[in-house]
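Trainee: Got a predicted structure plus its sequence, pasted below:
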Amino acid sequence: MLAKFACHPNETRGRLHPEVESAFRSPFQRDRDRIIHSSAFRRLKHKTQVFVEHEGDYYRTRLTHSIEVAQVARTIAGALGCNEYLTEAVALAHDLGHPPFGHTGEDALNVLLAPFGGFDHNAQALKIVTSLERHYAGFDGLNLTWESLEGLAKHNGPVTGPLPVALAEYDAVHDLELGTFASAEAQIAAIADDIAYNNHDLHDGVRAGLFTARDMCELPIVGPAFAEVDAAWPGLDANRRRHEGLRRVFGAMVDDVLLCARQRLEELNPASADDIRRAGQPVVQFSGGMWAQLKEIRAFLFTRMYRAPSVMKTREQVTQVVEDLFPAFLADPSLLPADWHEDVARAQDETQLARIVGDYIAGMTDRFALETHKRMFGA
């Protein structure tokens, strides 16, 4: 049973291009399935989360991260009476717009595209599902429901001020009400992202040798979780101890979100999904106490992992890859694959051409970007 404030599939605002809906799948199930079958989703397998794809088989990639986010999101959605399929669709699609090499690649592309409108991975995800995926006979993109597109555009909150180019272009033809908060389902997907990466980055950082379990035990939430494991299983081997400790950290974050969300929902007493959108504040959040502790964990991860010397060295190398590829393709767009030439022919100025080149590079996997750079530059 869905809560009154959930997004009910029979009340969807529909799709930009009208379609006959499935007799056995809800519109949001269909969205989820289209995302899973998209080319962009498959490419996440070889895109960086923190470590570049070739650095190890055990580290998270954008694909495994997205699957973990979807699992957490569905758990929270089910507990709150929200639509699990819509929540899952937004969770699975939220990172589709990431270029190769994660945030490092995004930073590099944003600098290169600054004269042409910049680059934002959330806006790029929307562009992928509304334009760049080209498989269906009747439309470009995946023709997702309004609710899924809204969730992609503003799962992190209302979008105000100057809009990223891709977001502004789409919103001009299909109003996503960017000034309001998103549905509860999209808010759940956003906080599930925080839960997933805070947990798995601790796991990957230890595996990479950037810090130790003892270092982690100095952190709030983590230390008490490991103490609980030690009390229950004295002398447990390091791998099992780490797993048991971090799964308790995971559970503590989920429990906090559910407790906080239920309190907010009781106060707000929303009667519809639009009541959530007009609430003026997010309904699905961490408590103040949990958020303060997570900020300490995030500061630790930033210093010890995201800015570790070995990671920074790789950041410099892959930034150079993007900085070499972009001007080369911009100067000679004939180097782009044949199926991009039609888009290039329609470009009316350098800005449009630069954004086509940006779309092409953003779609690359880590592996393909490195191979392309080696083929073009021999390094």
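Mentor: Ah, there it is.

Trainee: what residues does stretch 193-212 touch?
Mentor: If you take C-beta atoms under 8 Å, 6 or more residues apart in numbering as the criterion, stretch 193-212 is touched by 49-51, 56, 58-60, 65, 68-69, 72, 91, 94, 213, 216, 222, 242, 246, 249-250, 253-254, 257, 286, 294, 297-298, 300-301, 304-305, 308, 310-311. (Each C-beta comes from the backbone N, C-alpha and C, glycine too.)

Trainee: mind giving me the domain split of the protein?
Mentor: What automatic domain parsing lists as the domains of the chain is 27-171, 184-269+279-310, 313-377.

Trainee: Including mean neighbour count, mean pLDDT and distance to residue 178, could those go into JSON lines?
Mentor: Formatted as JSON lines, those follow (neighbours: other C-beta atoms under 10 Å; pLDDT from 0 to 100; distance: least, C-beta to C-beta, whole Å):
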{"stretch": "domain 27-171", "mean neighbour count": "21", "mean pLDDT": "93", "distance to residue 178": "4"}
{"stretch": "domain 184-269+279-310", "mean neighbour count": "17", "mean pLDDT": "96", "distance to residue 178": "13"}
{"stretch": "domain 313-377", "mean neighbour count": "16", "mean pLDDT": "96", "distance to residue 178": "20"}
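
Trainee: Kindly reformat those as TSV containing distance to residue 16.
Mentor: Shown next, in TSV, are these (distance: least, C-beta to C-beta, whole Å):
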stretch	distance to residue 16
domain 27-171	6
domain 184-269+279-310	18
domain 313-377	20
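
Trainee: Out of those domains, which is closest to residue 5?
Mentor: Nearest of the domains of the chain to residue 5, taken as C-beta to C-beta: domain 184-269+279-310 at 6.0 Å.

Trainee: just to revisit the earlier point, of all the domains of the chain, which one comes closest to residue 21?
Mentor: Short answer: domain 27-171, nearest of these by C-beta to C-beta, at 5.8 Å.

Trainee: What's the end-to-end length of the closest one?
Mentor: One end of domain 27-171 sits 21 Å from the other (C-alpha to C-alpha, to the nearest Å).

Trainee: Likewise for stretch 153-172?
Mentor: Per C-alpha to C-alpha, stretch 153-172 runs 13 Å from first to last residue.

Trainee: Please give the centre-to-centre distance between it and its chain.
Mentor: Centroid separation for stretch 153-172 versus its chain: 16 Å, with C-alpha atoms, centre = their mean, to the nearest Å.

Trainee: mind checking the end-to-end distance for stretch 208-226?
Mentor: So stretch 208-226: terminal residues 20 Å apart, C-alpha to C-alpha.

Trainee: check contacts around the residue positioned nearest the centre of the chain.
Mentor: Closest residue to the average C-alpha location of the chain: residue 95 at 3.0 Å, with C-alpha atoms, centre = their mean. Residue 95 sits next to 44, 62, 65-66, 121, 125 when contact means C-beta under 8 Å, 6+ apart.

Trainee: One more pass at 10 Å, please.
Mentor: Neighbour list for residue 95: 40-41, 44, 47, 49, 62-63, 65-66, 69, 102, 121-122, 125, 193 [criterion: C-beta atoms under 10 Å, 6 or more residues apart in numbering].

Trainee: Show me the residues you listed that map onto helices.
Mentor: For the contacts of residue 95, membership in helices holds for 40-41, 62-63, 65-66, 69, 102, 121-122, 125, 193, with DSSP state H as the criterion.

Trainee: What is the nearest of the contacts of residue 95 to residue 177?
Mentor: residue 122 (15.9 Å).

Trainee: wait, isn't that closest one in contact with residue 170?
Mentor: No - with contact defined as C-beta atoms under 10 Å, residue 122 does not reach residue 170; the gap is 11.9 Å.

Trainee: who touches both of the two?
Mentor: Contacts common to residue 122 and residue 170, judged by C-beta under 10 Å, 6+ apart, are residue 153.

Trainee: picking that back up, can you list which of the contacts of stretch 193-212 are found in helices?
Mentor: Residues of the contacts of stretch 193-212 located in helices (DSSP H): 65, 68-69, 72, 91, 213, 216, 222, 242, 246, 249-250, 253-254, 257, 294, 297-298, 300-301, 310-311.

Trainee: circling back to that earlier point, pipe the ones in helices among the contacts of residue 95 into TSV and attach distance to residue 77 per row.
Mentor: Listed next are the ones in helices among the contacts of residue 95 as TSV, based on distance: C-beta to C-beta, whole Å:
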residue	distance to residue 77
40	23
41	20
62	22
63	21
65	18
66	16
69	12
102	26
121	23
122	20
125	20
193	14
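
Trainee: Give me the helices and strands touching the strand or helix carrying residue 76, please.
Mentor: Using DSSP states H and E, residue 76 maps to helix 62-80. In terms of contacts (3 or more C-beta pairs under 10 Å, 6 or more residues apart in numbering; DSSP states H and E), helix 62-80 is packed against helix 27-36, helix 39-43, helix 84-93, helix 184-207, helix 238-268.

Trainee: out of these, nearest to residue 321?
Mentor: With C-beta to C-beta, the closest approach to residue 321 among the helices and strands packed on helix 62-80 belongs to helix 39-43: 16.6 Å.

Trainee: Format the CA atom coordinates belonging to the closest one as PDB.
Mentor: Listed next in PDB are the C-alpha coordinates belonging to helix 39-43 (Å, rounded to 0.1, in the frame of the first residue of the first chain):
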ATOM      1  CA  SER A  39      23.700   2.100 -23.200                       C
ATOM      2  CA  ALA A  40      24.700   4.700 -20.700                       C
ATOM      3  CA  PHE A  41      23.800   2.400 -17.800                       C
ATOM      4  CA  ARG A  42      26.000  -0.400 -19.200                       C
ATOM      5  CA  ARG A  43      28.900   2.000 -19.600                       C
END
